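Trainee: Prediction below, plus the sequence it came from.
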Amino acid sequence: PISVHDNVLQVDGRFFRVNAAAENGKRLSLQPIAEPAPDADILKMETGIPEDIEMENHLGQKVRLHDLIDGQHRIYLAFWSLPTIPMEFEKYPARHLLEAQRLYADSVRIVTIQFTGLDDPSLYKINADLYLRMIGQPWVSLRCADFGLFNRLHQDMSYNQGILTDKKGKYREMYLNWRDMAENYPYLR
């Protein structure tokens, strides 16, 4: 949700002045503008997988996120971070990703993106099994230590949620949690 205090909305590369916003942020009155004022509060939004983002997989190989779009599969970007307390894989919401992988393997490519910017070695020690099982699945597993880049992709900063794209990489469902992805989207089969 946004408010009139976020007086400029940037959607991809276009700018809009927010003239009015409903309290819940679902209705806006916008006016296109060429450039925001230097002191403007800007809320940035992306509507598809950006072409310029590159991250590493857990083997240290560079992966350009846009290259994962193949025109045949939707992409589900699943955002996560290691818990600060010991967590079993079966109790972590990843069990829903396994179900989604099983159900939609022919139509959806799951890409997990782990935020590693706040990690310390103790997290990997207390959650070694969870970590190894998360990166050892048949989905693409990437890591991101850059808070700005992670937030640019995620646009929310909550974990165990994701973004479902169409086959061209355009965002279709935002903030889709892993359980809902597994249980409520049978049309993807």
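Mentor: Structure received. Numbering: from 1, shown residues only.
Trainee: other SSEs contacting the top helix by length along the chain?
Mentor: In the chain, assigned by DSSP state H, the helix with the most residues is helix 94-104. Helices and strands touching helix 94-104, by 3 or more Cβ pairs under 8 Å, 6 or more residues apart in numbering; DSSP states H and E, are strand 74-80, strand 108-115, helix 128-135, helix 178-183. In short, each C-beta sits where N, CA and C put it, glycine included.
Trainee: Give the buried residues for that helix.
Mentor: Within helix 94-104, the residues scored as buried using 16 or more other Cβ atoms under 10 Å are Ala94, His96, Leu97, Leu98, Ala100, Gln101, Leu103, Tyr104.
Trainee: Next: stretch 54-66.
Mentor: So stretch 54-66, judged by 16+ other Cβ under 10 Å, has buried residues Met55, His58, Val63, Leu65.
Trainee: can you check stretch 72-85 too?
Mentor: Buried residues in stretch 72-85 (16+ other Cβ under 10 Å): His73, Arg74, Ile75, Tyr76, Leu77, Ala78, Phe79, Trp80, Ser81, Leu82.
Trainee: just the buried residues of stretch 54-66 now: which is nearest Ser29?
Mentor: Nearest to Ser29 among the buried residues of stretch 54-66, counting by Cβ to Cβ, is Leu65 at 33.3 Å.
Trainee: Pretty sure that closest one sits against Ile49.
Mentor: Yes - applying Cβ atoms under 8 Å, one finds Leu65 in contact with Ile49, separated by 5.6 Å.
Trainee: hmm, which two among the buried residues of stretch 54-66 are most spread apart?
Mentor: Maximum distance among those (Cβ to Cβ): 15.2 Å, for His58 and Leu65.
Trainee: which residue is nearest the centroid of the chain?
Mentor: Against the mean C-alpha coordinate of the chain, by Cα atoms, centre = their mean, the closest residue is His154 at 3.8 Å.
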